[in-house]
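>>> Sequence below, structure please.
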Amino acid sequence: MEAIVYDEFGGPDVLRHETGVAVPEPGRGQVRVKVAAVGVNPVDHKRRYGWVEAFYPTTFPAVPGLEFAGTVEALGPDVNGVEVGDEVLGWTTTGAYAEYALAELFVPKLAGLSWEQAASLPVAGETAARVLALLGVEEGETLLVHGAAGVVGSVGVQLAVAAGVTVIGTASEANHGYLRELGAIPVTYGDGLADRVRAAAPGGVDAVFDAAGHDTLPVSIELVAGRKDRIVTIAATDAAEHGIVFSGVTAAPEVVREGLTTQLGLMTEGRLSIRLAETLPLKEAARAQELSESGHVRGKLILLP
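This is a model prediction of the structure:
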């Protein structure tokens with residue numbers, strides 16, 4: 001089968017496009033999926049560099065990619081509730097940058113969603129829902145989201161707004177219109193951020209969702225009056241030095257399935273959307289990861305096997 005493979009940690013050049021990779025056989029509780037679309041995420045290049053081994057240990061040769069959308073092609077033993085031919089989306093156990101992948105954690109794709117839309121949801125949806133649950137944000141509270149125009153940040157904004165939370169989102173000026181469309185109050189990041197946030201939220205900030213990193217934690221601690229338990233980051237690698245929770249491990253499978261199912265419903269209702277940036281053929285995976293790593297992509301990058 002066609003797949004992207006790498007045998008060592010390093011830059012984009014370690015990624016190889018191969019056409020003779022063995023098709024994986026599903027084990028107990030697994031399905032084999034013919035992949036229709038793959039979501040590209042920042043964690044993909046971080047894994048390629050070897051930066052997140054504590055969360056995602058690598059066995060070489062490795063196939064990148066966590067999330068997919070595709071059609072069930074084969075069932076392993078003890079698989080219930082799904083049939084060959086069903087369209088699904090979820091997380092793969094063998095790497096999504098491939099023509100075929102194995103999966104244990106997945107949900108049905110709803111009619112009306114494109115493959116690209118479906119593949120854009122699993123990682124961002126699970127991450128955003130997990131962080132909001134850790135923060136315990138409730139209706140009537142005010143949430144500050146750093147990196148609000150990014151894929152994960154934008155999903156977090158929309159889920160929080162849908163729950164009746166007032167959201168302030170940091171982003172560049174060029175993304176302020178987008179954040180307003182999502183229901184957030186945009187502010188520009190950088191020097192003077194604390195004053196701009198206070199002006200936007202005279203009643204104060206109750207919690208902070210950091211999806212950006214880049215020295216956001218000190219100002220976040222200031223804005224929540226030192227209540228560090230109301231800050232969660234998925235991007236600041238120095239979180240422990242500040243006494244802040246870094247969340248990098250997915251929730252329990254049943255929680256993930258329930259969350260994705262709910263989010264898919266919101267997408268079909270038009271209440272949740274993910275901006276698509278660019279769609280590339282699988283053989284251009286190295287370029288896709290370079291674009292992702294640049295941090296200048298507006299929306300989700302998708303690979304098509």
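>>> C-alpha only now, for contacts and for neighbours.
Fine.
>>> can you tell me how far residue 159 sits from residue 184?
Applying C-alpha to C-alpha, to the nearest Å, the value for residue 159 to residue 184 is 11 Å.
>>> Could you check which of those two is surrounded by more residues?
For residue 159 versus residue 184, the count of surrounding residues by other C-alpha atoms under 10 Å is larger for residue 184: 26 against 21.
>>> How about the contacts made by the more buried one?
Residues in contact with residue 184 (C-alpha atoms under 8 Å, 6 or more residues apart in numbering) are 157, 161, 166, 167, 168, 169.
>>> ok, of those residues, which one's closest to residue 213?
Set against residue 213, the nearest of the contacts of residue 184 by C-alpha to C-alpha is residue 169 (13.7 Å).
>>> and the contacts of residue 184, which two are the farthest apart?
Across these (C-alpha to C-alpha), the longest gap, 11.5 Å, separates 161 and 169.
>>> For the two, indicate the residue with more neighbours.
Each of residue 161 and residue 169 has its neighbours counted (other C-alpha under 10 Å); residue 169 has more, 29 against 19.
>>> hang on, that one in a strand?
Yes - with DSSP: H, G, I helix; E, B strand; the rest coil as the criterion, residue 169 is part of a strand.
>>> quick one: it from residue 1, how far?
Distance from residue 169 to residue 1, counting by C-alpha to C-alpha: 42 Å.
>>> Mind jotting down where the helices sit in the stretch 51-200 of the chain?
Secondary structure of the stretch 51-200 of the chain (DSSP state H, counting those that start in this stretch): helices at 115-119, 122-135, 151-162, 176-182, 193-200.
>>> Next up, the contacts around the residue nearest to the spatial centre of the chain.
Centroid-nearest residue in the chain: residue 124, 2.6 Å away (criterion: C-alpha atoms, centre = their mean). Residue 124 makes contact with 151, 152, 155, according to C-alpha under 8 Å, 6+ apart.
>>> And for the first one, the neighbour number?
Which is residue 151. Residue 151 has 27 neighbours, counted by other C-alpha under 10 Å.
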